[in-house]
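Asker: Let me see the structure of the following:
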Amino acid sequence: MVLPQLRGAPYLRLCNPPATPAPGQGRFAMSTPTPHSAAPTEHSHDGAIAAIAAIASLADAALAQRVQHAIDHKTKPLGALGRLEQLALRIACILGQDKPVLQQPQMLVFAADHGLAARGVSAYPVDVTWQMVENFMAGGAAVSVLARQHGLALNVVDCGVARDFPAREQDPDDKLPQTGQPRLWRRKLGYGTRDCSQGPAMTATECAMALRNGAALVRQLPGNALLLGEMGIGNTSSASLLLARLCGEPLAEVTGAGTGLDAAGLARKIGVLQEVLQLHVQAAEPLDALAAMGGFEVATMVGSVLQAAAERRVIVVDGFITTAAVLVASRLQPAVLERCVFSHRSGEPGHVRMLAHLGAEPLLDWQLRLGEGSGAALAWPLLVSACAMLGEMASFAQAGVSTRSQDA
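Answerer: Predicted coordinates:
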């Protein structure tokens, strides 16, 4: 399948996407698992790194000054709208517009299974991943409800779910999607990653293909805002491992209960993750760590984040797992962070520290830990309000309202 280039020159050119068999006709032919060695192949990610275009800083002092001046002269005391003003300035700088308008926002929910789940790191069975994908498509999940409420196009991406999904009307690769219906994008790299307590979760080639798939998908989507979501039993383990490796945080302090493990289950999870971290001690670079201990959905998300940043889309980040993808992307291209709005601080202990490493101040702190993109969807109206304030609120001069007395 040839992916159309709808938004200019390709951002990642890594390798062709895998052939997609008809539903029910067997499994994808995954590459032969690498030997159970923690050492990544030397220069194994050079091709992927070379294909990632440089992302420039958005620094534009003149634009920022104009927008701040406009905000300061709205009919209100200086700074009276608090962080809404900061949010409006950030969106204006991301989009490069004095009066930014958010258009055709796209919610992407990346789904995949994890081989590590067989080690009991989650309170739920792996079948929940595919069952929740069906729930997304049926419109019954939290993110489905919130996406409908706020007019977000819901895109569900099968990056590596351990099950085939039947063809349906809203398959966008077959026909135009139905208006207001969730869309299923088939970008399966395998039926879940390998068990990373025994060897790398994925090969360098699979990691590169995931990056390419994520970038190509964003190029196909309209709009100037991307909201990140995910689904995958066991993926909080990948997020904790990436945080521990890339930021040097103690694993025991950044690993939480995930889907609801009890104390014994959490202790078992930490023990397993310690084994994984030690096994992959040489996987220190971002893509090495991602391939060794990440997930297909996380890797695909990294590609989407890089592409969205290159296109100057507003990237609305959800919780722990989506922030882990942004962490990896920012280690490859630091200016990615200038395009991000962090929606909330989750109840996962690792998320607090990850946000601190990224210098991020989230909009909400409601102890959310569902994932799916639910926090990003909940925060979305704040972005809409910020733009409305900047574009529609009158200035003192326009409204004929007196400004503050000079001697007050």
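
Asker: Could you use CA atoms for every contact and neighbour count after this?
Answerer: OK.

Asker: Please state the offset of the lengthiest helix in the chain from the chain centre?
Answerer: The longest helix of the chain (DSSP state H) is helix 374-392. Taking Cα atoms, centre = their mean, to the nearest Å, one finds the center of helix 374-392 at 18 Å from the center of the full chain.

Asker: Next, the buried residues of that helix.
Answerer: Buried positions in helix 374-392, judged by neighbour count with 16 or more other Cα atoms under 10 Å: 374-380, 382-384, 386-391.

Asker: Tell me where this structure has helices.
Answerer: 46-51, 61-72, 83-95, 127-138, 142-150, 204-220, 235-247, 263-279, 286-293, 296-310, 320-332, 349-358, 374-392, 396-399.

Asker: Distance to residue 194 added to those, as CSV?
Answerer: Shown next, in CSV, are the helices of the chain (distance: least, Cα to Cα, whole Å):
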stretch, distance to residue 194
helix 46-51, 21
helix 61-72, 47
helix 83-95, 38
helix 127-138, 16
helix 142-150, 28
helix 204-220, 11
helix 235-247, 12
helix 263-279, 12
helix 286-293, 9
helix 296-310, 10
helix 320-332, 18
helix 349-358, 24
helix 374-392, 28
helix 396-399, 61
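
Asker: And residue 237, how close does it get to residue 115?
Answerer: Look at residue 237 and residue 115: by Cα to Cα, to the nearest Å, they are 11 Å apart.

Asker: more crowded one of those two?
Answerer: Using other Cα atoms under 10 Å as the criterion, residue 237 and residue 115 rank with residue 237 on top: 28 against 20.

Asker: Contacts only, for that one.
Answerer: 121, 255, 273 (Cα atoms under 8 Å, 6 or more residues apart in numbering).

Asker: Which pLDDT does the model give it?
Answerer: We have a pLDDT of 94 for residue 237.

Asker: Could you report the separation of it from residue 284?
Answerer: Counting by Cα to Cα, the gap from residue 237 to residue 284 is 17 Å.

Asker: buried ones in stretch 77-84?
Answerer: residue 84.

Asker: Low-confidence regions, this protein specifically.
Answerer: Applying pLDDT under 70 to the chain flags residues 1-44, 47-51, 174-179, 259, 405-408.

Asker: Any idea how many residues pack against the closest residue in space to residue 187 that isn't next to it in sequence?
Answerer: Excluding the flanking residues, the one nearest residue 187 by Cα to Cα, 6 or more residues apart in numbering is residue 159, at 4.9 Å. Close neighbours of residue 159, defined as other Cα under 10 Å, add up to 29.

Asker: just residue 58 next, same as before
Answerer: Residue 58 - counted by other Cα under 10 Å - has 15 other residues nearby.

Asker: which ones are touching residue 101?
Answerer: Taking Cα under 8 Å, 6+ apart, we find residue 101 in contact with residue 387.

Asker: Which residue, other than its chain neighbours, is closest to residue 250?
Answerer: That would be residue 244: by Cα to Cα, 6+ apart, it lies 6.1 Å from residue 250.

Asker: can you tell me how far the one you found sits from residue 354?
Answerer: In terms of Cα to Cα, residue 244 sits 9 Å off from residue 354.

Asker: If you count surrounding residues, which of the two has more?
Answerer: Between residue 244 and residue 354, counted using other Cα under 10 Å, residue 354 has the larger neighbour count: 24 against 21.

Asker: Let me see the contact set for the closest residue to the more buried one other than its chain neighbours.
Answerer: When the adjacent residues along the chain are set aside, residue 354 lies closest to residue 243, with 6.7 Å between them (Cα to Cα, 6+ apart). Applying Cα under 8 Å, 6+ apart to residue 243 gives the contacts 249, 254, 324, 350, 354.

Asker: next one: phi and psi at the nearest residue to residue 269 once chain neighbours are set aside?
Answerer: Residue nearest to residue 269 in three dimensions, not counting chain neighbours: residue 121, with 4.8 Å by Cα to Cα, 6+ apart. Backbone torsions of residue 121, given as degrees, to the nearest 10, read phi -90, psi 0.

Asker: number of nearby residues for residue 121?
Answerer: 27.

Asker: list the contacts for residue 106?
Answerer: Contact partners of residue 106, counting by Cα under 8 Å, 6+ apart, are 152-155, 221-223, 225-227.

Asker: If you rank these by neighbours, which is first?
Answerer: residue 227 (29 neighbours).

Asker: mind checking how far it is from residue 58?
Answerer: Taken as Cα to Cα, the span from residue 227 to residue 58 is 20 Å.

Asker: Residue 346 touches residue 363, doesn't it?
Answerer: No - with contact defined as Cα atoms under 8 Å, residue 346 does not reach residue 363; the gap is 11.1 Å.

Asker: so who does residue 133 touch?
Answerer: 111, 156, 231.

Asker: sorry, back to before: can you add distance to residue 402 and give the contacts of residue 106 back as a markdown table?
Answerer: As requested, the contacts of residue 106 are exported to a markdown table (distance: Cα to Cα, whole Å):
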| residue | distance to residue 402 |
| --- | --- |
| 152 | 40 |
| 153 | 43 |
| 154 | 46 |
| 155 | 48 |
| 221 | 46 |
| 222 | 43 |
| 223 | 39 |
| 225 | 37 |
| 226 | 40 |
| 227 | 40 |
